[in-house]
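Peer 1: build me a model:
(chains A and B)
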Amino acid sequence: MMRVLVLLFSLLAVLPTAALADLRELEALMESPASLSGRFEQVKYLAALDTEIASSGRFAYERDSEIRWQTLEPIENMLRLTPARITSEQAGTVLSQLETRNNPVVALFSDIFFGVMTARWSTLAEHFDMQTRIAESHWQATLMPKASEVQQVVSKVELQGDRYMRQIVLHEAGGDWTRIRFYDIQQ
Amino acid sequence: MVLALCFSAWQKGVAFDTSLMALLPEAEQQPLIKRATDQLAASYADKLLLVVSAEDELKAQTAVKQLAAGLQPLQGVAHLTWLVPPSEQAMDDLFPYRFILLSEEVRSRLSREGGAAQFQLALQRLLNPLSGFTLAPLRDPFSLYTDLMLSLQSDLPVRIENGLLRLVASEQPSYLLTLELLQDPFSLPVQQAVNKVLEPLLLEQRQNGITIRCSGLLLHAAAGAEQARAEMSSIGLGSLLGIVLLILVVFRSLFPFWLVLLPVLVGSLVAVAVTLLLFGRIHLITAAFGAGLIGVAVDYALHFICESRVVPERTISRLFAGLLLGLLSSIAAYAALALAPFPGLRQMALFCVLGLVGAWITVLLWLPLLNRQRLNSPLVAAQWLDRWRNAYPRVENTRWLMPLLLVLGLISGAVIWQGGARDDIALLQTSPKALLDEDRQVQSWLGNGSSAAFLLISGRNFEQVLRTEERLQPRLAQLQGQALLAGYTALSQVLPSQQRQRENAALVQELYANHWPQLAGILQLSRQQSEQAQALMEQGSEAQLTPRRWLELAASQAWAPLIISSGDGEAATVIRLQGTMSPALKQALIELAAAEPEVFFVDRVSDISELITRYRSEIIDWLLLAYTGVMLMLMLRYRWQFWRIVLPPLLGSLITFAGFLLLNDGYNLFNLIALMLVLGIGLDMGIFLSESSDSDHTWLAVSLSAVSSLLAFGLLALSQTPVLYHFGIIVLPGLALTWLLAPLMRAPSTGETKQ
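Peer 2: Numbering: from 1, shown residues only, chains lettered A, B, ... in the order given. This next block holds a predicted model:
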């Protein structure tokens, strides 16, 4: 979960400068601010139930220090990510706290996340094969994981945007998918 | 007979033992603790760990791949793991037990407010952009299985990076490769096979700027065998060369050398053969110490040769009393080594006693037959030495000498009284420091710390043992919370007791009763779907994970080494403790174990340090007892003249020991055992002098044997092995002083330069 959430946030800001020329072109199209916030709307498809669940909320990130993913509807919930831990909060009380220090899954996630945030974009290109299509100021990218351990979490990532990321679709191995759209993005 | 012994030993094969454990005393506790210790030691013995580090990931990863390819030729000898094994399958085995296998964290969430926290968490996971784990909204809507997986994955020292195993604790990118040996790490052919492949690979990578750290018994064993070979040849050959030179100078002929060599050779062969037959392996320390035997074993032959110069007829019968007393005192000195409960020292004592007896019998039976050369001219060296000795002061003639010596002895005594002891398990280490440092670094990255501490839990059956573990777990978690304990691994974390499984099932049923309708509403489930999920839970919480069924699961493999005994009527497990053992933690664990009659806290390292301390204080008593016994024995034969024999080794020992204490910060068990040797060999010297009425040829023989002993033991002071060094550093000056003091105390006699 965390691994891809990280990816998602890294992509919100800037795309990785892989060796590919069109990635550099994408980078030129996008902005890379020190902080970013906005609103999101999400639809999650659960294959086991053949049901879609909608939710919405706000997000904010400070480069190198914190990401806040706050769901407001249908329940209130806050997910907070820092280099050291991932905390899940409900009305101020901590539900769970995962330390990157002693959990390999969390650590891998955090590693990628902060690697990206400290401008080590090559890390992302290491984990995914990327295909991009650019039409004027709009672009689309498809990311396919290279390693099987990444594939177990996310089987495919589809991105769309212009100066900012506008839509992300995450496909999971079990057939579930999540579509997130971003609105009111502010620096 | 000698040949027969050697042949049967050869058949068995020569193997060197270098393990620290072999030096350690047998566990004095109950057999279960010994079995647990052995089992944990075995899990270290058959693994060879390589950690590859470089300044950047790519470089290190490339090196790992090259290394793995280079290690392919070892396929028949060891099994290599460097890629992540497909573990998902193994973990899915546990899915059917998700309602009865709950982590500590989930249990605490479920036991408060009817599980409200778990409900919120499940909701949040449902709404997160990604779950990370496949969601099973009907089969596991509260994601209990996800929590189980998370808790099993936490505290792992490695994480997966591009399919490789990356060490979490190392700042530099470092990856782990594991070689699991299929054969005995002590076997020389296995060591050679591994090193032949490994060494060039390591060299090549290190030249490329890659750091590779290794850990594994095989490396210590191989380094030990190498060290044994080097020290045996340096100490053995060194003392042999010294003796050859000595004999050439004194006798101006090489013939006596062969006479001297024969008993030494026979003695050594007997010692090696019998030790191999009895112990199976020769410990490095025995081999190096045994090389010093040469210096002692030559004594008998030297006495015979010197004496036969003067009295060619019936040499043996004239010498017999002296030879026998000498042998007995030396045997007594070596047997003192066997007093310490260390198997390594026992082997050493046996080795030396066997060698001495072999050499002694050879001198008695063969030398008279071989020594047909009737060379009986007095030796120039004897006359020269006698002249020097006559010029040497004597306590009776020089009034100030005795008081001076006594004052020196008293001052030494005072220094010794002030001196402290230093009992350190590092004394027992035989491996080079660099190898130990590497090993420690690798093991600490793996979270194993430097201590070999664990908790042993015993009981009538598994159920009882698991229940005890479950009582301990909150206490251990508390110690973890106080940052005293880095972590622990217990069987009950993955295999709860039947009692705990029922409790868990009840907690989950309560969770469903309180929150399932609400969650089903958010998921917009139909009535039928909602009932289906409820039924799945009811059915799943009926499951029972018995130890037998658990052992059949692939997931159990990693935990299986924690089971020490699963027999009927006696079950036992260990809880492994991670990190370093601080005094506060140790105290807490001792108290923890004291409160539970069936829990034992075992800390081998500090047990051994305590044992060294105990035997150090015991050996002081033995030393005093030995001196008293010797004095009484000597009084029987020499009446009040016994001081002439006892004072030289006593004063030599006192001054040496005081000097050692002034230069070092503390003494240890092995220095004290060395004092036993000084007594034994020093007595030998005095007895021969008295028995031969202080003749100049005896003095020559005594001097020769003192020099050869000095060569043999003095060279131990050059040893890299701490135990041997601590012997040598005391024996060398101790014997030298004894040799210098003995003529001061000699009885007034002119000796017999002529026949």
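
Peer 1: which residues touch B:Val106?
Peer 2: B:118, B:144, B:147-148, B:151 (CB atoms under 8 Å, 6 or more residues apart in numbering or on different chains). Glycine gets a C-beta too; all of them are placed from N, C-alpha and C.

Peer 1: of the residues you listed, which pair is most distant in space?
Peer 2: B:Gln118 and B:Ser151 (13.5 Å; CB to CB).

Peer 1: more neighbours, these two?
Peer 2: Counted by other CB atoms under 10 Å in any protein chain shown, B:Gln118 and B:Ser151 do not tie: B:Gln118 has more neighbours, with 28 against 18.

Peer 1: go ahead and confirm the more buried one touches B:Leu110.
Peer 2: Yes. In this structure, B:Gln118 is within contact of B:Leu110 by CB atoms under 8 Å, at 5.8 Å.

Peer 1: anything in contact with each of these two?
Peer 2: B:Leu511.

Peer 1: packing partners of the host helix or strand of B:Leu245?
Peer 2: Using DSSP states H and E, B:Leu245 falls within helix B:238-251. Applying 3 or more CB pairs under 8 Å, 6 or more residues apart in numbering or on different chains; DSSP states H and E, we find helix B:238-251 packed against helix B:255-279, helix B:293-310, helix B:380-391, helix B:696-714.

Peer 1: list the buried residues for it?
Peer 2: B:238-240, B:242-243, B:246-247, B:250-251 (16 or more other CB atoms under 10 Å in any protein chain shown).

Peer 1: now A:Tyr61: which helix or strand?
Peer 2: Going by DSSP H and E, A:Tyr61 is part of strand A:51-62.

Peer 1: what are the C-alpha coordinates of that strand, in CSV please?
Peer 2: C-alpha atoms of strand A:51-62 as CSV (Å, rounded to 0.1, in the frame of the first residue of the first chain):
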residue,chain,number,x,y,z
THR,A,51,-18.4,-3.2,-6.1
GLU,A,52,-17.1,0.3,-6.4
ILE,A,53,-16.5,2.3,-3.2
ALA,A,54,-16.1,6.1,-3.5
SER,A,55,-14.3,8.3,-1.1
SER,A,56,-12.8,11.8,-1.0
GLY,A,57,-10.6,14.1,1.0
ARG,A,58,-7.6,16.3,1.1
PHE,A,59,-3.9,15.8,0.6
ALA,A,60,-0.8,17.8,1.5
TYR,A,61,2.9,17.1,1.2
GLU,A,62,6.1,18.8,2.4
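
Peer 1: partner strands of that strand, parallel or antiparallel?
Peer 2: Strand A:51-62 has the following strand partners under DSSP bridges: strand A:35-46 (antiparallel), strand A:66-73 (antiparallel).

Peer 1: which of the contacts of B:Val106 fall in strands?
Peer 2: Of these, none are assigned to strands by DSSP state E.

Peer 1: can those go into JSON lines with extra columns for pLDDT and distance to chain A?
Peer 2: As requested, the contacts of B:Val106 are exported to JSON lines (pLDDT from 0 to 100; distance: CB to the nearest CB, whole Å):
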{"residue": "B:Gln118", "pLDDT": "89", "distance to chain A": "9"}
{"residue": "B:Leu144", "pLDDT": "89", "distance to chain A": "13"}
{"residue": "B:Asp147", "pLDDT": "85", "distance to chain A": "8"}
{"residue": "B:Leu148", "pLDDT": "85", "distance to chain A": "13"}
{"residue": "B:Ser151", "pLDDT": "79", "distance to chain A": "9"}
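
Peer 1: longest helix in chain B, please.
Peer 2: helix B:604-638 (DSSP state H).

Peer 1: ranges for the strands of chain A?
Peer 2: Going by DSSP E, chain A shows strands at A:35-46, A:51-62, A:66-73, A:77-81, A:85-90, A:93-99, A:128-135, A:138-145, A:156-161, A:165-171, A:177-186.

Peer 1: pick the most deeply packed of those strands.
Peer 2: Ranked by mean neighbour count, the strands of chain A are led by strand A:77-81 with a mean of 22 (mean count of other CB atoms under 10 Å in any protein chain shown).

Peer 1: and that strand, what does it pack against?
Peer 2: helix A:2-13, strand A:66-73, strand A:85-90, helix B:116-127.

Peer 1: let's see it at 10 Å
Peer 2: helix A:2-13, strand A:51-62, strand A:66-73, strand A:85-90, strand A:93-99, helix A:104-117, helix B:116-127 (3 or more CB pairs under 10 Å, 6 or more residues apart in numbering or on different chains; DSSP states H and E).

Peer 1: helix, strand or coil for B:Ala674?
Peer 2: helix (DSSP: H, G, I helix; E, B strand; the rest coil).

Peer 1: what sits against it?
Peer 2: For B:Ala674, the contacting residues are B:337, B:653, B:656-657, B:660, B:667, B:713, B:716, B:726-732, B:734-735, by CB atoms under 10 Å, 6 or more residues apart in numbering or on different chains.

Peer 1: low pLDDT regions in chain A?
Peer 2: By pLDDT under 70, the weakly predicted segments of chain A are A:1-32, A:64, A:100-124, A:126, A:149, A:152-153.

Peer 1: and B:Arg399, how many residues sit next to it?
Peer 2: 9.

Peer 1: sorry, slip of the keys, the one I care about is B:Gly569.
Peer 2: Per other CB under 10 Å, the neighbour tally for B:Gly569 reads 8.

Peer 1: next one: B:Leu410
Peer 2: B:Leu410: 11 neighbours (other CB under 10 Å).

Peer 1: how far away is B:Phe279 from B:Ser653?
Peer 2: To B:Ser653, B:Phe279 is 31 Å away according to CB to CB, to the nearest Å.

Peer 1: what's the answer for B:Leu276, then?
Peer 2: Applying CB to CB to B:Leu276 and B:Ser653 gives a distance of 34 Å.

Peer 1: between these two, which one's more packed in?
Peer 2: Each of B:Leu276 and B:Ser653 has its neighbours counted (other CB under 10 Å); B:Ser653 has more, 30 against 21.

Peer 1: what's near enough to touch that one?
Peer 2: B:409, B:412, B:416, B:623, B:627, B:672, B:674-679, B:682, B:730-731, B:733-735, B:737-738.

Peer 1: mind checking which of those residues land in helices?
Peer 2: B:409, B:412, B:416, B:623, B:627, B:672, B:674-679, B:682, B:730-731, B:733-735, B:737-738.

Peer 1: quick one: the strands in chain B?
Peer 2: Under DSSP E, chain B gives strands at B:16-17, B:47-53, B:78-81, B:158-161, B:164-167, B:174-181, B:211-216, B:282-283, B:453-459, B:487-489, B:563-567, B:570-578, B:599-603.

Peer 1: of all the ones you listed, which one comes closest to B:Met635?
Peer 2: Closest to B:Met635 of the strands of chain B is strand B:282-283 (CB to CB; 38.6 Å).

Peer 1: tell me which other helices or strands that closest one touches.
Peer 2: Partner elements for strand B:282-283 (3+ CB pairs under 10 Å, 6+ apart): strand B:16-17, helix B:217-231, helix B:255-279, helix B:284-291, helix B:343-365.
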